[in-house]
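# Next input, structure requested:
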Amino acid sequence: MLDDKQSMDTVKTISDLGRSLQLYLVGDGIETQEHEAVLKPFGCN
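Residues are numbered from 1 along each chain as shown. Purely as a prediction, here's the structure:
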């Protein structure tokens, strides 16, 4: 995910959609602290 721009764009798009629908976003399958650090600013819990 971190090295692939298309994956990051997909994550951002999905998180933007979720926030616009006022959904609670959960980052499932986070395996590293790096992944968590990337997903937190997108609003994933």
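
# which one is the spatially most central residue of the chain nearest to, not counting chain neighbours?
The residue lying closest to the centre of the chain (Cα atoms, centre = their mean) is Leu39, at 4.1 Å. Once flanking residues are discounted, Leu39 sits nearest to Gly27: 4.4 Å by Cβ to Cβ, 6 or more residues apart in numbering. (Each C-beta comes from the backbone N, C-alpha and C, glycine too.)

# For stretch 28-45, what does the pLDDT average out to?
Averaging pLDDT along stretch 28-45 yields 87.

# cool, stretch 12-21 as well?
Stretch 12-21 carries an average pLDDT of 93.

# can you list contacts of that stretch?
Residues outside stretch 12-21 that contact it (Cβ atoms under 8 Å, 6 or more residues apart in numbering): Leu25, Leu39, Phe42, Gly43, Cys44.

# filter those residues to the buried ones?
In these, burial by neighbour count holds for Leu39, Phe42, Cys44, counting by 16 or more other Cβ atoms under 10 Å.

# Adding distance to Lys5 and secondary structure, write those residues out as JSON lines.
What follows is the buried ones among the contacts of stretch 12-21, written out as JSON lines (distance: Cβ to Cβ, whole Å; DSSP: H, G, I helix; E, B strand; the rest coil):
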{"residue": "Leu39", "distance to Lys5": "16", "secondary structure": "helix"}
{"residue": "Phe42", "distance to Lys5": "15", "secondary structure": "helix"}
{"residue": "Cys44", "distance to Lys5": "19", "secondary structure": "coil"}
